[in-house]
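Peer 1: need the 3D shape of this:
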Amino acid sequence: MTDSTSSSGQADRLARARQLLAAAESTDPVQRTAARDADVPLPAREDAEPDPHAVARQIVLRQLTMAPRSRKQLEDKLRQKGCDDDVARAVLDRLVEVGLVDDEAYAHMLVRNRQETKGLASRALSQELRRKGVADEIIAGALADVDPEDEHERARELVEKRLRTMRGLDRQVRMRRLAGFLARKGYDSTVAFRVIREALDELPEHQRD
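Peer 2: Okay, the predicted model is just below:
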């Protein structure tokens with residue numbers, strides 16, 4: 001799965017979730033018919049008992065209109081809202097079938113986003129995906145395309161940027177702080193210390209005459 005394909009797929013899922021939620025909540029009979037045809041339960045009349053599946057479906061759709069979510073995150077939200085576990089399972093199973101909930105696409109999206117915005121390495125990415133309830137085999141697939149050379153370059157860029165805030169500190173203090181910084185980003189200590197040493201050696205004050 002390429003970055004462009006993953007990004008496009010997530011955008012399509014968000015757009016579809018918004019459309020289905022708007023249609024289900026609309027008073028326009030044409031839109032409500034479209035929602036019914038898409039297997040989105042409509043809200044019950046005010047004087048009727050709410051359909052638990054319809055309630056759960058709208059909770060999920062609202063969540064998906066805000067941002068992509070893993071299935072586990074959606075399960076947790078439904079449980080928080082008091083939805084029955086069997087109802088939640090049935091609703092989420094159906095949304096997986098129609099492609100609105102897709103942990104594989106979600107994992108690829110998160111990996112790409114966290115690399116670009118936070119410079120996270122594979123270890124930190126794996127930990128974050130686990131916290132969000134993504135299965136280990138899906139995590140492995142999402143991280144399979146991470147290039148070690150790209151990670152090295154990202155680590156170098158992070159170190160160079162952070163060094164600009166460390167003027168006046170001695171080498172050992174800089175090295176210790178940079179090592180802790182990269183560790184929090186998930187970088188292996190071997191990679192981290194190699195990148196840090198290279199960056200420090202290139203500073204003017206460490207250049208030999």
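
Peer 1: now residue 114. Nearest residue, chain neighbours left out?
Peer 2: The shortest distance from residue 114 to any non-neighbouring residue, by C-beta to C-beta, 6 or more residues apart in numbering, is to residue 120 (4.4 Å). In this view, the C-beta of every residue, glycine as well, is placed from N, C-alpha and C.

Peer 1: who's in contact with that neighbour?
Peer 2: 114, 128, 185, 186 (C-beta atoms under 8 Å, 6 or more residues apart in numbering).

Peer 1: could you measure from the first one over to residue 104?
Peer 2: Applying C-beta to C-beta, to the nearest Å, the value for residue 114 to residue 104 is 16 Å.

Peer 1: tell me the domain boundaries of this structure?
Peer 2: Domain segmentation of the chain under automatic domain parsing yields 3-101, 104-143, 148-206.

Peer 1: can I get those domains in a markdown table including mean pLDDT?
Peer 2: Below are the domains of the chain laid out as a markdown table (pLDDT from 0 to 100):
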| stretch | mean pLDDT |
| --- | --- |
| domain 3-101 | 75 |
| domain 104-143 | 96 |
| domain 148-206 | 92 |
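
Peer 1: of these, flag the one that's most buried.
Peer 2: domain 104-143 (a mean of 18; mean count of other C-beta atoms under 10 Å).

Peer 1: pull the contacting residues for residue 158.
Peer 2: Contacts of residue 158 by C-beta under 8 Å, 6+ apart are 119, 181, 182, 185.

Peer 1: let's go with 6 Å and repeat that
Peer 2: Residues counted as contacts of residue 158 (C-beta atoms under 6 Å, 6 or more residues apart in numbering) are residue 119.

Peer 1: so where does it fall, helix or strand?
Peer 2: helix 148-163 (DSSP states H and E).

Peer 1: touching the helix or strand just after that helix from outside, list them.
Peer 2: Heading C-terminal from helix 148-163, the first helix or strand you meet, by DSSP H and E, is helix 171-184. Contacts with helix 171-184, where a contact means C-beta under 6 Å, 6+ apart, come from 155, 159, 162, 166, 192, 196, 200.

Peer 1: got the CA positions of helix 171-184 in PDB?
Peer 2: In PDB, the C-alpha atoms belonging to helix 171-184 read as follows (Å, rounded to 0.1, in the frame of the first residue of the first chain):
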ATOM      1  CA  ARG A 171      29.700  18.000  24.600                       C
ATOM      2  CA  GLN A 172      28.800  15.500  27.300                       C
ATOM      3  CA  VAL A 173      25.700  17.400  28.300                       C
ATOM      4  CA  ARG A 174      24.600  17.800  24.700                       C
ATOM      5  CA  MET A 175      25.200  14.100  24.100                       C
ATOM      6  CA  ARG A 176      23.200  13.000  27.200                       C
ATOM      7  CA  ARG A 177      20.200  15.300  26.400                       C
ATOM      8  CA  LEU A 178      20.100  14.400  22.700                       C
ATOM      9  CA  ALA A 179      20.300  10.600  23.600                       C
ATOM     10  CA  GLY A 180      17.300  11.000  25.900                       C
ATOM     11  CA  PHE A 181      15.400  13.000  23.300                       C
ATOM     12  CA  LEU A 182      15.900  10.400  20.600                       C
ATOM     13  CA  ALA A 183      15.100   7.600  23.000                       C
ATOM     14  CA  ARG A 184      11.700   9.200  23.600                       C
END
